[in-house]
Each structure stands twice: as structure tokens, then as C-alpha cells.
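1. Coordinates for the following, if possible.
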Amino acid sequence: MSQASAVLADYSARLEALAIELGLDFHPVNFDLVPANFMVEIAVYGLPVRMRHWFFGVRYIHQLVRQHMGHSKIFEVMFPGDPCHAFMLEQNSLAENTLVTAHVLGHADFAKNNQLFSRFMAMAGGQILEQSAARARRLERALSAHGQDRVEAVLDAALALETHIDVNQALHRPRYPEFVAPRAGPPANHFHDRFARLPGEHAEPPRNDPPQRTALPPQPEVDLLWFIAQYAPDLEDWERDIFLAVREEAYYFHPIHACQIMNEGWASYWHARLLREATFLPHDLYVSAIKSHSDVVRPFASGQQLALSLNPYHLGFSLWEHIIDKHGLEQARRICREEDDFGFVRNYLDKELADKLDLFVYETRQDGDTRIASRDIHQIREAILAPKFNYGAPCVAVSQVRADGALALHHDYLRDGRGLELPQAEKVMAYVGRVWRRPVTLHTVDFRGVVRVLPARKL
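-> This is a model prediction of the structure:
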């Protein structure tokens, strides 16, 4: 171990002890220093070992370009679980990795105590890295047995539907019952019963109707990954396994998506506080670490005075400071346990803070002119949350499987408040058609609100 690594290990142990003293509660955290290329792979794949697919290669190139242009720097990647796993860039300075250590401890506390994280971790399992590696090995076996073209076609479809899960359902849910009891007759009527008991009258014999076959689906089904894995007529077992594996990972990532502003803000608040109270840190290291903190929670890029995109670190950090200043740390801990980003932003982003942060809703006109559309606090909140609705996916549900096996999908565009981008929708439909292997149609509207029925066409 190098001297710098030994010093970092000492600081990490002392920061963990300080975090516990200040009331943080987290599962053990395994820290690893990794080279830059491995860190980029982790960031774009979402996991250190994951089912390989060309889509992640595209994201890898995109991330390299962003880093080369100075638009993105990855300080750390942390995976919740028991234990948690955190990867830090070995090229980071000692000050940066000291800050990262404190930041990760904030993430670990959030992941253990937030109810949404706890529920989904309980379903998806706390050993995500080992589970992901096992899924990757199963995919490699499928590649050897069935060839890249067949496996990639199935994985294309599964990843295209990656966010189409039902977060209100359990990860491991049974199929629909094949039969249901016949519909009950009219409720008992006291007068009719008395009439039937009169001399000369005969009560109706009890009905013995056979069970009725369940409609497929019995109600609109939004968990497209689960439905296709369970009911696609001609899928082989290894193909169903790929769909269920992608679905399982989607359950793991959902709370990360749903709590991003809260989670990054909580970790940023605690890394700032831990560094401030860590009297064992040298003064020059503290100053360098706090400068990195300022870069992380900056509202907009260096040299700019206005930003049209939101930095979740900045908003989350500012919100937590605002809450703790007004309501105290215990109230903040309760919010941390009970809320996700929807409750966090709607309940605690007030006009006072929005004005202080200079938040607004903007619009871009057809001539390319961009202007402020509103500073109304309700519109600001909904604009921040809009990308998070329904896991960021359009509200599409299976409405019917017809007698010939044809699949009908319906897009709830009234709930979404917008139509679909038809070229993208047509490509996704082609992927669905590949795995359903019977006619597939999607009922939707385009961006003008015109009703459209999209059939699944071959790619």
C-alpha cells in the first residue's frame, strides 16, 4: 500500500467513526481505488459486471467524449447494499478522495434508512454486485448456446422496455390465476327468501356455474417486462430469463432514479459537515476538499451566470440546508426516511428558496429564441419532477391479448400529457414484435394529438 493510500485509509476509518458519532447509520462500506477506464465502464454500465450489450458501448464512447471536452468528471460510483460498494478514482487527489469518502457515507446512510430504498433493496437483494455477475454469466452461457444475433435481439427488446415496470407490484409476483370464480348472483333479498318459503312455492336451486377463464390481462398491465416474460407465446426459457434479469436490475435502479435529488443532496450535506467537523484533517487538505465540494454543488458551469439544466447536487444540498435551518435535523431525518423526490420537492421547495436559487421554467420558441416562461413555484416544481414520472417512461399498458395471440398496447397520453415521438416508438414496437412473434399494435397519439395506431414492423 502506498503512503497516500495508507493516509486515505486512516482518514476513512476516522470519518466513519465521526459519522457514527453524529448519528449516521449505514451498512459497512467497501472502498476500492480503481483506474479511470474501469471507473468509466462502471458509470456507463451502471454496475461493475453486467450483461454486455452494444448500447453500453455507445454510452462509453459518449462518456469519453464528455470527459475529453471537460463536461464530466466521475469522482465516485457507489452501490447500495449490505455491504455497500464504493469505487473511487485512483487519479483523484487525496483531498478529493477524502471528500468522496465522506460523500459515500452520506449515501450509505440514505440507502439504509430511506423507506423506498429499503423496500426495493429487500426485493432485489442486498448483494447486487454478486447477483449482477451471476446474471452476466447466464447471458454468456446463452451466447455460447444460441449465438450473438439471437441473444442480442432479445436483449435489444428487454433493454428498450427497461423502465416499463410496475413499481407498485412485487419483484417476484405470480402469474394471473387461469380461472376465476363465476360472477356472484344478486345479493340476498329478505323478502324473496320469505316468499320462497310460502306453501306451494319452491326456492330456486343453487347455481353451480363453472369457473370462468381469466381475461388476459384481467386489467391493463403496465409491467411490460414481466408480462412478456410470462405470456409471450413462443419465447424459450433462456429468453424469458433475459427479460426477468433486466426487470430485476430495473427494480434495483428505481429508487436511485426516484430519489436522486434527495440522495445526492443528503450525501453532499453530510460530506460538507463531516469535513467541517473532522478536526484531524490538515488545513490545506480541508481547503482543497471544500473547493471540490463547491465545484460539485455549483448551480451552473464555471464562467456561466445562468443554467437551463438542473444540477441535482446543488438543488438537493440547498434543500437540505433550507430544511435543517427551518425545521431542524430530526425533521430532516424523518423526511429522509419517508419521502422520495416527489414529496421532497413538492413539500419543501418553497418560493423563498426558489427565488434564492433563481429557479424558473423556460420555453424555446420555433425560431430558436429561449425565454423565461414562468416563475410560479407550482410550475417550477412540476418542471423539475416531470422527467421522473413513471420511471421516465411513457405510460403504456397491455390492454388485450386476442384469441389469435395478437397483442394490443395502449398509451395513456392523457396521463402523460403528451404524445410519443413516433420514430422512436416505431423502433421500440419493432423490438416488441421480435419477441412477441404475433401481431402487435400500439394505440397512441403523435405530438400534435392525432390518434395513431402503430403496428410492429420488422427492423
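2. residue contacts, the residue nearest to residue 26 when sequence neighbours are not counted?
-> Sequence neighbours aside, residue 108 is the residue nearest to residue 26 in space, at 3.5 Å (criterion: CB to CB, 6 or more residues apart in numbering). In short, each C-beta sits where N, CA and C put it, glycine included. Applying CB atoms under 8 Å, 6 or more residues apart in numbering to residue 108 gives the contacts 24, 26, 27, 29, 78, 80, 84.
3. Tell me which helix or strand in the chain has the weakest average pLDDT.
-> helix 54-68 (a mean of 55; mean pLDDT, DSSP states H and E).
4. what helix or strand is the residue nearest to residue 26 on?
-> In this assignment (DSSP states H and E), residue 108 forms part of helix 94-113.
5. the inter-axis angle of whichever helix or strand comes after that helix versus helix 94-113?
-> Downstream of helix 94-113, the next assigned helix or strand under DSSP H and E is helix 115-124. Orientation check (axes from the mean of the first three to the mean of the last three CA atoms, to 10 degrees): helix 115-124 against helix 94-113 gives 80 degrees.
6. ok, and what's touching the helix or strand following helix 115-124?
-> Proceeding C-terminally, helix 115-124 gives way to helix 128-146 as the next helix or strand, assigned by DSSP H and E. The contact list for helix 128-146 (CB under 8 Å, 6+ apart) reads 47-52, 79-81, 85, 124-125, 151, 155, 238, 241-242, 245, 248-249, 252.
7. Which secondary structure elements does the helix or strand following helix 128-146 sit against?
-> Downstream of helix 128-146, the next assigned helix or strand under DSSP H and E is helix 148-160. Secondary-structure packing of helix 148-160 (3 or more CB pairs under 8 Å, 6 or more residues apart in numbering; DSSP states H and E): helix 128-146, helix 237-258, helix 422-436.
8. Of the ones you listed, give the one that comes closest to residue 290.
-> Smallest distance to residue 290 across the helices and strands packed on helix 148-160 (CB to CB): 26.4 Å, for helix 237-258.
9. could you give the angle of the helix or strand just after the closest one to helix 237-258?
-> Using DSSP H and E, the helix or strand that follows helix 237-258 towards the C-terminus is helix 260-277. In terms of direction (the same axes, to 10 degrees), helix 260-277 departs from helix 237-258 by 60 degrees.
10. Mind listing what's buried along helix 260-277?
-> Residues of helix 260-277 classed as buried by neighbour count (16 or more other CB atoms under 10 Å): 260-275.
11. Kindly report the same for stretch 23-42.
-> Buried, per 16+ other CB under 10 Å, within stretch 23-42: 24, 26, 27, 29, 31, 33, 34, 39, 40, 41, 42.
12. can you tell me which of these lies nearest to residue 365?
-> residue 40 (37.2 Å).
13. Please read off the pLDDT at the closest one from the model.
-> At residue 40, the model reports a pLDDT of 82.
14. That one contacts residue 74, correct?
-> Yes: Residue 40 lies in contact with residue 74 (CB atoms under 8 Å); the separation is 6.8 Å.
15. Report how many residues lie close to residue 351.
-> 13 (other CB atoms under 10 Å).
16. Touching, it and residue 377? I think so.
-> Yes: with contact defined as CB under 8 Å, residue 351 and residue 377 form a contacting pair (4.6 Å).
17. hang on, the earlier thing: restricting the selection to alpha carbons, write the helix holding residue 108 to CSV.
-> Extracted C-alpha coordinates of helix 94-113, given in CSV (Å, rounded to 0.1, in the frame of the first residue of the first chain):
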residue,chain,number,x,y,z
LEU,A,94,-6.0,12.8,-1.5
ALA,A,95,-8.3,15.8,-0.8
GLU,A,96,-10.8,14.7,-3.5
ASN,A,97,-10.9,11.1,-2.2
THR,A,98,-11.3,12.2,1.4
LEU,A,99,-14.4,14.2,0.3
VAL,A,100,-15.6,11.2,-1.7
THR,A,101,-15.3,9.0,1.4
ALA,A,102,-17.5,11.4,3.4
HIS,A,103,-19.9,11.7,0.5
VAL,A,104,-20.3,7.9,0.2
LEU,A,105,-21.1,7.7,3.9
GLY,A,106,-24.0,10.1,3.4
HIS,A,107,-25.2,7.9,0.5
ALA,A,108,-24.9,4.8,2.7
ASP,A,109,-27.0,6.3,5.5
PHE,A,110,-29.7,7.4,3.0
ALA,A,111,-29.8,4.0,1.3
LYS,A,112,-30.2,2.1,4.6
ASN,A,113,-32.9,4.4,6.1
